[in-house]
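J.: here's a sequence, model it:
(chains A, B, C and D)
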Protein chains: 2
Amino acid sequence: MSTALPIWNNEISSRDRILDAAETLFAKRGYSGVGLREVAEVVGLGKSSLFHHFKNKPQLYAAVCGRILRRIEESLMRTLAAGGTPVERLERWLDDLLSLLVDNPSYARVLLRSLFEDDDLAGEMPEEVEVERAIASIMGSAGALLREGMGSGAFRPANVPHTLLTLVGITVFPFASGDFGREILGGDVFAPAEVQRRKQELRDFLRSGLIARAER
Amino acid sequence: MSTALPIWNNEISSRDRILDAAETLFAKRGYSGVGLREVAEVVGLGKSSLFHHFKNKPQLYAAVCGRILRRIEESLMRTLAAGGTPVERLERWLDDLLSLLVDNPSYARVLLRSLFEDDDLAGEMPEEVEVERAIASIMGSAGALLREGMGSGAFRPANVPHTLLTLVGITVFPFASGDFGREILGGDVFAPAEVQRRKQELRDFLRSGLIARAER
DNA sequence: GTCTATAATAGGATAGAC
DNA sequence: GTCTATCCTATTATAGAC
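T.: Numbering: from 1, shown residues only, chains lettered A, B, ... in the order given. I've put the predicted structure just below:
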């Protein structure tokens, strides 16, 4: 019954290798576009073996999404705990989030795709509940930061929920946009130089918007 | 052979009813999540009848996406042709785009989902080529507007491709975000009051960013 | 923990009657 | 232009041997 490995064990468990394979495939083709046969094939297992680790497909999907969201949550907590002014914390968080999305090219796509599946993650299984919890935690912390900054005058007064949607749109979307983003930019969104540029453009946009001051 | 109806005919063609049904379903469950059986059922036809109007599933999908993109293209062209300063044209365009997305709740989801399907729209069929053309046309016009505004000093100097990605992220994403957006906002993203608020928040964000001037 | 075998269903697509 | 019938393959999931 003990599936936990000793900490000095370097082997990656079957469960994690299944999650890795499923994550990549879900990013590429979405929930319905991925068959468990293909997941098993990538991992190097028989199809039926997957059901020993996850009781069905929705649970596997929720486990993939949950793992991503927990990592984002951890990153956010670490960033916020490091202190600084609200502006510093916001900019550091967005920087770290972008780094995380770039280091794990499947994340942005899996996340946005999952937001579009209103049905497929709405169950009562523990993995699905965990997804909801992580989302609420992340958005709660980000919202609190925005409110603190607006209260102290560091941020312009704005509608907090709409600002949260805006922040998700400008940070996550570009790294999920695949060929579209590549065509717009004329190069890979994940290339280091392009990532640096995106971070800079994001900071500038948050500081000044787009419209020049003379026009206001 | 003539499938074209006389202009005084009020009946909606089977082809259009198939496109309508497919659009709604693709928005809900994505390309792979929709079976042609279900599309046919919604329209009230047998599954095989669909193949008389579209030769296969990829073509139907491309036709759905193409119809949406053409409407956005038309809206953009009309807006840009109406003249005004770059700031006026940009703000009018975003306003009109949001109205279009709100009037057609499937649009945002179908569009963003299609951007995540690098494979499923990359063929050589005329419908797929048309999708590419419309995207290039829309992004070309928007990019030209940005460059014009930056040249005249109306917009802050910024990286045009990244700004395009940002604009897509802040305009389209919220209306594709479904339950997530609903939870963040505490209400329906498509409710008239919320749409008005989003338009206002968008204008403010473009004019001032998020960070207060005192902090700069 | 992984395997083979199997069940039951749904998928896209075609042929041909009407 | 729509239908029924059919083909072949893939899907999720289970049972039970090893």
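J.: what is the mean pLDDT for stretch A:200-215?
T.: Stretch A:200-215 carries an average pLDDT of 91.
J.: for stretch A:66-80, same thing?
T.: pLDDT averaged over stretch A:66-80 gives 96.
J.: which residues does it contact?
T.: Residues outside stretch A:66-80 that contact it (Cβ atoms under 8 Å, 6 or more residues apart in numbering or on different chains): A:19, A:23, A:89, A:92-93, A:96-97, A:100, A:104, A:107, A:110-111, A:127, A:130-131, A:134-135, A:137-138, A:141-142, A:145. To be clear about C-beta, it is placed using only N, CA and C from the backbone, and glycine gets the same treatment.
J.: buried set for it?
T.: A:66-70, A:72-73, A:75-76, A:79-80 (16 or more other Cβ atoms under 10 Å in any protein chain shown).
J.: repeat that for stretch A:185-195.
T.: Neighbour-count burial for stretch A:185-195, counted by 16+ other Cβ under 10 Å, picks out A:185, A:189-190, A:194-195.
J.: now swap in stretch A:39-52 and tell me
T.: For stretch A:39-52, by 16+ other Cβ under 10 Å, it's A:39-40, A:43, A:45, A:50.
J.: JSON lines for those, including pLDDT and secondary structure?
T.: What follows is these, written out as JSON lines (pLDDT from 0 to 100; DSSP: H, G, I helix; E, B strand; the rest coil):
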{"residue": "A:V39", "pLDDT": "98", "secondary structure": "helix"}
{"residue": "A:A40", "pLDDT": "98", "secondary structure": "helix"}
{"residue": "A:V43", "pLDDT": "98", "secondary structure": "helix"}
{"residue": "A:L45", "pLDDT": "97", "secondary structure": "coil"}
{"residue": "A:L50", "pLDDT": "98", "secondary structure": "helix"}
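J.: which among these are in contact with DNA strand C?
T.: A:40, A:45 (Cβ under 7 Å from any atom of the strand).
J.: from the buried residues of stretch A:39-52, pick the one nearest A:L210.
T.: A:V39 (42.7 Å; Cβ to Cβ).
J.: residues contacting the closest one?
T.: Counting by Cβ under 8 Å, 6+ apart, A:V39 has contacts A:18, A:21-22, A:25, A:50, A:60.
J.: just the ones of the contacts of stretch A:66-80 in helices?
T.: Under the assignment DSSP state H, these contribute A:19, A:23, A:89, A:92-93, A:96-97, A:100, A:107, A:110-111, A:127, A:130-131, A:134-135, A:137-138, A:141-142, A:145 to helices.
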